[in-house]
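1. Any chance you can model this:
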Amino acid sequence: MPDKSLASAYFDDVYAANADPWNFAGSDYEREKYAATVAALPNPTYKSGFEIGCSIGVLSALLASRCQKLLSVDVSETALQQARDRLANHPHVTIRRMQLPDEFPDERFDLVVLSEVAYYWSVADLRRVQQELLDCLLPNGHLLLVHWTPPIHDYPQTGDAVHEQFMALSGPGQPLTHRLHHRQLTYRLDLFSRN
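-> Residues are numbered from 1 along each chain as shown. Down below sits the predicted model:
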């Protein structure tokens, strides 16, 4: 596995080859995972959500129904154009190109969703993102992580490794409380709240 975060050019190449490279829009697996993701959210609605790695906006459309305001970001402009088209009838959703950890929004959120993206970051970059997330997550706000768990040779980390780094920030005296763990054969979901 590489020790550097994947560059935005990697995703540009992936989306240039296939408009929906992970079959987000048509896969039964993705549909089930998205349903589990939304079902894991404890609050019926959130004032301000932040979705990191929105890709073509399939999960964004589901999150839009639970957030009064939603910021969905990705590094690929090709993917973001599809997300903008998909969310065109949702004026409370902002779709923006942003590359974490070098860029980060100034807003604060009561919901942050990190789905299928954190294993693209190096350990050092993930630590930077973790601190930014802690700073932007409002007290009692929810942080939801969902990641594929089998190793992929060109990704810097596995989903399990990512989630365990967040688990290390939960517990007595830590900034997060672990609220829910859900594991399937090829992905895991962990919900945290901000202390």
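2. okay, CA-based contacts and neighbour counts for the rest of this
-> Noted.
3. which residues does L133 contact?
-> V112 (C-alpha atoms under 8 Å, 6 or more residues apart in numbering).
4. How about P151?
-> Q157, T158, G159.
5. Looking at these, which is nearest H90?
-> Ranked by distance to H90 (C-alpha to C-alpha), these are led by G159 at 30.5 Å.
6. which ones are touching that closest one?
-> E116, A118, Y119, H147, W148, T149, P150, P151, Y187, R188.
7. Next one, pLDDT for the closest residue to it other than its chain neighbours please.
-> Spatial nearest neighbour of G159, chain neighbours left out: T149 (4.5 Å); criterion: C-alpha to C-alpha, 6 or more residues apart in numbering. T149 is assigned a predicted lDDT (pLDDT) of 96.
8. What separation do you get for T149 and Q157?
-> Noted for T149: a distance of 10 Å to Q157, by C-alpha to C-alpha, to the nearest Å.
9. Show me which of the two is the more surrounded one.
-> Q157 (24 against 21; other C-alpha atoms under 10 Å).
10. Please, where are all the strands along the protein?
-> Using DSSP state E, the strands found in the chain span residues 49-52, 70-74, 93-97, 109-115, 137-148, 176-183, 187-194.
11. Now render those strands as TSV, adding distance to R86 and mean neighbour count.
-> Shown next, in TSV, are the strands of the chain (distance: least, C-alpha to C-alpha, whole Å; neighbours: other C-alpha atoms under 10 Å):
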stretch	distance to R86	mean neighbour count
strand 49-52	15	25
strand 70-74	12	25
strand 93-97	11	19
strand 109-115	18	22
strand 137-148	22	21
strand 176-183	28	16
strand 187-194	25	21
